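In: sequence and predicted structure are below.
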Protein chains: 4
Amino acid sequence: MLYFSCDYAEGCHPKVLEALTESNLVSTPGYGEDKYCAEAKKKIRDYIKCPNADIYFLVGGTQTNQVVIDSMLSNYDGVVAAATGHVACHEAGAIEYSGHKVITLPAHEGKIDAAELKDMLETHYADDSYEHMVNPGMVYISYPTEYGTLYSRSELEAVSSICKEYDIPLFIDGARLAYGLAAQDELTMADIASFADVFYIGGTKVGALFGEAVVFTKGNTPKHMITQIKQHGALLAKGRLLGVQFGALFTDDLYMEMGRHAISQATIIREDLRQKGYQLFMENPTNQIFVVMENEALKTFGEKVAYGFWEKYDNSHTVIRIATSWATSDEAVNALKMIL
Amino acid sequence: MLYFSCDYAEGCHPKVLEALTESNLVSTPGYGEDKYCAEAKKKIRDYIKCPNADIYFLVGGTQTNQVVIDSMLSNYDGVVAAATGHVACHEAGAIEYSGHKVITLPAHEGKIDAAELKDMLETHYADDSYEHMVNPGMVYISYPTEYGTLYSRSELEAVSSICKEYDIPLFIDGARLAYGLAAQDELTMADIASFADVFYIGGTKVGALFGEAVVFTKGNTPKHMITQIKQHGALLAKGRLLGVQFGALFTDDLYMEMGRHAISQATIIREDLRQKGYQLFMENPTNQIFVVMENEALKTFGEKVAYGFWEKYDNSHTVIRIATSWATSDEAVNALKMIL
Amino acid sequence: MLYFSCDYAEGCHPKVLEALTESNLVSTPGYGEDKYCAEAKKKIRDYIKCPNADIYFLVGGTQTNQVVIDSMLSNYDGVVAAATGHVACHEAGAIEYSGHKVITLPAHEGKIDAAELKDMLETHYADDSYEHMVNPGMVYISYPTEYGTLYSRSELEAVSSICKEYDIPLFIDGARLAYGLAAQDELTMADIASFADVFYIGGTKVGALFGEAVVFTKGNTPKHMITQIKQHGALLAKGRLLGVQFGALFTDDLYMEMGRHAISQATIIREDLRQKGYQLFMENPTNQIFVVMENEALKTFGEKVAYGFWEKYDNSHTVIRIATSWATSDEAVNALKMIL
Amino acid sequence: MLYFSCDYAEGCHPKVLEALTESNLVSTPGYGEDKYCAEAKKKIRDYIKCPNADIYFLVGGTQTNQVVIDSMLSNYDGVVAAATGHVACHEAGAIEYSGHKVITLPAHEGKIDAAELKDMLETHYADDSYEHMVNPGMVYISYPTEYGTLYSRSELEAVSSICKEYDIPLFIDGARLAYGLAAQDELTMADIASFADVFYIGGTKVGALFGEAVVFTKGNTPKHMITQIKQHGALLAKGRLLGVQFGALFTDDLYMEMGRHAISQATIIREDLRQKGYQLFMENPTNQIFVVMENEALKTFGEKVAYGFWEKYDNSHTVIRIATSWATSDEAVNALKMIL
């Protein structure tokens, strides 16, 4: 069986495993107060050219979104997101569970539109009864989006500029950050850090066993952050595991190298699909490929390839997701091409 | 200044005040364990022809929605509502505050469509990753809706039938129930009780100082209901005040009499608006009238009449709300007609 | 049946009812934006000699505690209270429901001890793992306490001073404030306002149908306070009812007059109990009297007098509460003396 | 520096690392739906002789306590725990954050007393106003306790029996379960499973990188458990990591072997401390040793040994914790003895 269902089907990149193995029996303090975490934070700060960035390592994506949003918002705040945003639909209500509404904007291939954001904010504050409504207290976007699309530099500038105008923090979910950065050449991770008030660098989907690095870029860390993380059940006892892994990810450009690898494999597959006349559900340049498949053909396909169900297209077709990752081998890509 | 901005601008109907005055110095137990509450509950049970109905009196509408939804849902459940539903937009996130997502369906003149509800539920459970999504655990509709429109009997039957099919309780918000029932002749309050798993009879907007009567119609009262009400800060110490008021509302058909009065006044105004060529923003038969006004004209109008701002129509027009109530006098209606 | 079970067994003081009756058919804006609320706030500000006090009217005590505590605390904060404090044991978990721990200190006849408070705070911050613990973010005391006792001026100064030292707001629950102030002569309501960062003036138990006036005394109102109140389902639609009532309570010294009346009646009863050899469970000077009664005698007593069960004393005795109020008539007191 | 500060200072047992390494590049479905999890669950079911046990793997202890308690309780429920219980004091309010009060009982060397539990429950339901109080909805104990002590079989039977009588689930926190089971010989893990309605097998402190196995023993898994785990941000994407680790822990008796090793090392140290005249703060048979140290001596000691601060004993003494684990080598024990 070929695995293309997601980008977290394997363990970790061999170099990450090597780092975990080497450090395994070293004794350290718990909860991230160890040298590995300190070193990894320094590497990230250097890489994003943000010497004052304050960094926290968490375990998973939904957890990270919940902790970041809840710790930065006040009771009366909600978070603005695309209707297709992960926080809006695939986190089992983790945001609402922590007391905050997800205020949705229309999704345009997974992205919010800056003009629509501005209009929503204007309308909100112009409404006589706005005090009876949830306050828009943060804007959440994902890069890449859940549909694998990317904000261009100018789109990101526009969203960021409106956030600044309304004094609302911009949170960028980078669960697949490497795959977004590697798929274009007008934005670096330093640019992401510059546009965002807070963002996270995804490890789970890019070569780590698990782990997301939350970066507060503007001296804006919520108070008592460790207590808040603990309160969400999100403080890893052996925090060093996150430091060790992110240390490896940010050594010798491994993080971006993995990003480039996945994009390269995705490009080959996408090209093959196009040549063979498959219909792509959505154009996007990153590691997730959305294909419209005829249901009968899909049955045969599914016997050989583990794919991701995305959504029903029509009564006889289904949208599926084919995802590459740091772990996608040339052999797997070739085998897939043979099947397609 | 003429008051047409809302249907809660005055105190209470003189008969309600009379009942409060008469009972004022009688000593009773607190928290609703008094004879007035018992009597009022009996009157309501008789009126809705539901002898086993379990009734709780609460103070206000948002409070009632929060308590009912939170006590009936489990952690993993959200509530399905029209995008324009009160719980979705004008309760400052009270539902999310209690941990539950409001799952929105498109609003059709304030109403949800049964077919769209069914489609949403089918799609939800057909989704491979539905366990990562909020479970649709209740359907919320309002009668009348926030736009003053009404579900027909067949529309209500359709929504109710889908709820039964999926074993999801149907909650009907009757903040303005009298004004809905009085505006049509195919549905009685007993019908509402029959379709709903839980509904509430609004007092605040129909002649009480405050108060909403929550009715569990199917032997489905959540456990430890008093504790849950107390936990939300919603247990009135002098609960007898609610019993006294609802007792008066359900004596000599006062509740429905007030409903008919408000509808009669609204019909006169609506007719006048039509004759004078005003554009109604939305057709509806109840006590709220939505009119498109030219902004300059509105300024003059606003000097004489307190109206409700509804929303911007376009750059030179505004949608306003004119609401009648049990308290709308013939003099006020005539004065309004002179101004229009 | 004589009613001495609690101080909220009747409706409201005749003067409050008169004010409600007079204003009943006046049309006003909703949600407290009316002239009655404005006037009542001015009267309170004058009375407590705190011209910048920011005042909000809420409906009930548990609701008020929940809204004040939740709006003033951050996620990581808990509230410190006596183990017998209302928020700690008789609010059905309303504080925890809003996400905050009640950190208890030993109760000394219902009061916390300033030295124990200081010790707790010192120990907390000296603990290496204090970041893994709830942050003490507010101190809650009640005046009078749940046991009818009173902090002396020096005790209050001591608690307040420690709060200032640790930069923690002091919240004084004044559900029965009039009964506390009337029972001693070293503290005025202006003193309470001066010691507290936030306090509330109880109306429900002192002559109103319902209502508590929350006073932020130090320019420290939480942001978006109306939104937060709404979010808790605590924003009364006809907010004017609270303004009208508090306006009456603060006219012609009515609030304190009622306080003095209740204390005077309690003193007569307490004296009678002492003369007849009853054992008082706890000495206190306010309107609640705690008496140890023999169980058999209590049965007969209970046939004639509605009393409050307090707690089991031993296998043959029970502690009961006899409460006077603004409504306790001389006839009732005399009748009670005949029965005792 | 010798590390005796805690039992989670290293990575994982070499056999666990071996299993992770071997499986590292195998592709599996996410979220625990893989063969490793299935196999590990089977091994645990066999080991605890509970073929119908329903098992979920989570990442950390506080997270596990929060998820288990919140998913098993209703809104109106609180959890009963010893005042020194982890959920009561060292989880940053994670339980209250999820809306539930921790109702504390006195701790007797970390344990609750069955008779006091019974008395609390009797008193609760006998109280006239019990509906105004949090309902005791679960009993939480830890085995071993936070003080390293153990419930005897008869103590556990007594607590379990009262829980059954009141129909309240008993939750046993086994963060250090191996260290408790290895330190006595009257209780097996199967006994724990039999007494508990739900318990967890701690991996983080016993040889895993991270991981706790929650076991529902009585067909009592909360509904939509995966959704609830996801909602708490606790669903690990690469769930197989937990399966792989617990598979290794439950192969060739590794879990208990590690338990016996830690107890053996602790016994040697404890004996040495006794011989040298140190005062043990609390007698207990497990892997945590609590010693009273003179403050000056502690300074020197702390230069060579990483210990855990426990609490201030008096002005010149401190209670410290010395913890052994699966990783404590003979060399480290001997070196510690030289320093003591």
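Out: Now that the structure is in, tell me what you want to look at.
In: look at the closest residue to chain D within the stretch 201-340 of chain A and say how many residues are nearby.
Out: Nearest to chain D in the stretch 201-340 of chain A, going by CB to the nearest CB, is residue A:233, at a distance of 3.2 Å. Heads up, the C-betas are built off the backbone N, CA and C, glycines and all. Neighbourhood size, residue A:233 [other CB atoms under 10 Å in any protein chain shown]: 30.
In: hang on, isn't it packed against residue D:70?
Out: No - if you go by CB atoms under 8 Å, residue A:233 and residue D:70 don't touch, sitting 9.9 Å apart.
In: what pLDDT does the residue positioned nearest the centre of chain A get?
Out: Computing the C-alpha centroid of chain A and ranking residues by CA atoms, centre = their mean puts residue A:175 first, at 2.0 Å. On the pLDDT scale, residue A:175 is placed at 98.
In: do residue A:128 as well
Out: Residue A:128 carries a pLDDT value of 86.
In: skipping its backbone neighbours, what lies nearest it in space?
Out: residue B:309 (4.4 Å; CB to CB, 6 or more residues apart in numbering or on different chains).
In: check which helix or strand residue A:335 maps to.
Out: Applying DSSP states H and E as the criterion places residue A:335 in helix A:330-339.
In: residues near residue A:338, how many?
Out: 10.
In: over to residue A:294?
Out: Residue A:294 - counted by other CB under 10 Å - has 14 other residues nearby.
In: next, give phi and psi for it.
Out: Backbone dihedrals for residue A:294, given as degrees, to the nearest 10, come out at phi -70, psi 140.
In: residues contacting it?
Out: The contact partners of residue A:294, by CB atoms under 8 Å, 6 or more residues apart in numbering or on different chains, come to A:316, A:317.
In: partners of it in the sheet?
Out: Beta bridges link residue A:294 to residue A:317 when assigned by DSSP bridges.
In: how close does it sit to chain B?
Out: Taking CB to the nearest CB, to the nearest Å as the measure, residue A:294 falls 18 Å from chain B.
In: thinking again about what came up before, Provide a list of residues in contact with the residue nearest to the centre of chain A.
Out: Contacts for residue A:175 (CB under 8 Å, 6+ apart) come out as A:61, A:86, A:142, A:200, A:202, A:204, A:205, A:212.
In: number of nearby residues for the closest residue to it other than its chain neighbours?
Out: Spatial nearest neighbour of residue A:175, excluding adjacent residues (CB to CB, 6+ apart): residue A:202 at 3.9 Å. Residues contacting residue A:202 under the criterion other CB under 10 Å number 27.
In: how close does residue A:260 get to residue C:232?
Out: Distance of residue A:260 to residue C:232, computed by CB to CB, to the nearest Å: 51 Å.
In: okay, these two: which has more neighbours?
Out: Neighbour count, other CB under 10 Å: between residue A:260 and residue C:232, residue C:232 has more, with 28 against 16.
In: what pLDDT does that one get?
Out: Per-residue pLDDT puts residue C:232 at 98.
In: so the closest residue to it other than its chain neighbours is in which element?
Out: Spatial nearest neighbour of residue C:232, excluding adjacent residues (CB to CB, 6+ apart): residue C:67 at 5.0 Å. Residue C:67 belongs to helix C:61-72 when assigned by DSSP H and E.
In: helices and strands around the next helix or strand after that helix, which ones?
Out: Downstream of helix C:61-72, the next assigned helix or strand under DSSP H and E is strand C:77-82. Other elements packing on strand C:77-82 under the criterion 3 or more CB pairs under 8 Å, 6 or more residues apart in numbering or on different chains; DSSP states H and E are helix C:86-89, strand C:102-105, strand C:135-142.
In: ok, now with 6 Å
Out: In terms of contacts (3 or more CB pairs under 6 Å, 6 or more residues apart in numbering or on different chains; DSSP states H and E), strand C:77-82 is packed against strand C:102-105, strand C:135-142.
In: what residues does the stretch 201-340 of chain A put near chain D?
Out: A:204, A:209, A:227, A:230, A:231, A:233, A:237, A:238, A:241 (CB under 6 Å from any CB of the partner chain).
In: hang on, the earlier thing: counting contacts, what elements does the helix or strand hosting the residue nearest to residue A:128 pack onto?
Out: Using DSSP H and E, residue B:309 sits within strand B:308-314. When contacts are defined as 3+ CB pairs under 6 Å, 6+ apart, strand B:308-314 packs onto strand B:317-323.
In: and the residue lying farthest from the centre of chain A, how far from chain C?
Out: Distance from the C-alpha centroid of chain A, by CA atoms, centre = their mean, peaks at residue A:128 (36.7 Å). Distance of residue A:128 to chain C, computed by CB to the nearest CB: 11 Å.
In: hang on, that residue in a strand?
Out: No - using DSSP: H, G, I helix; E, B strand; the rest coil, the assignment for residue A:128 is coil, not a strand.
In: go ahead and confirm it touches residue B:307.
Out: No - if you go by CB atoms under 6 Å, residue A:128 and residue B:307 don't touch, sitting 10.8 Å apart.
In: any chance you could map the strands in chain A?
Out: Counting by DSSP state E, chain A has strands at residues A:2-3, A:54-58, A:77-82, A:102-105, A:135-142, A:170-174, A:198-202, A:212-216, A:279-280, A:288-294, A:305-306, A:308-314, A:317-323.
In: quickly list what the closest residue to chain B within the stretch 201-340 of chain A is bridged to.
Out: Here the stretch 201-340 of chain A gets closest to chain B at one residue, residue A:309, 4.5 Å apart by CB to the nearest CB. With DSSP bridges applied, residue A:309 shows beta-bridge pairing to residue A:320.
In: that'll do, ta.
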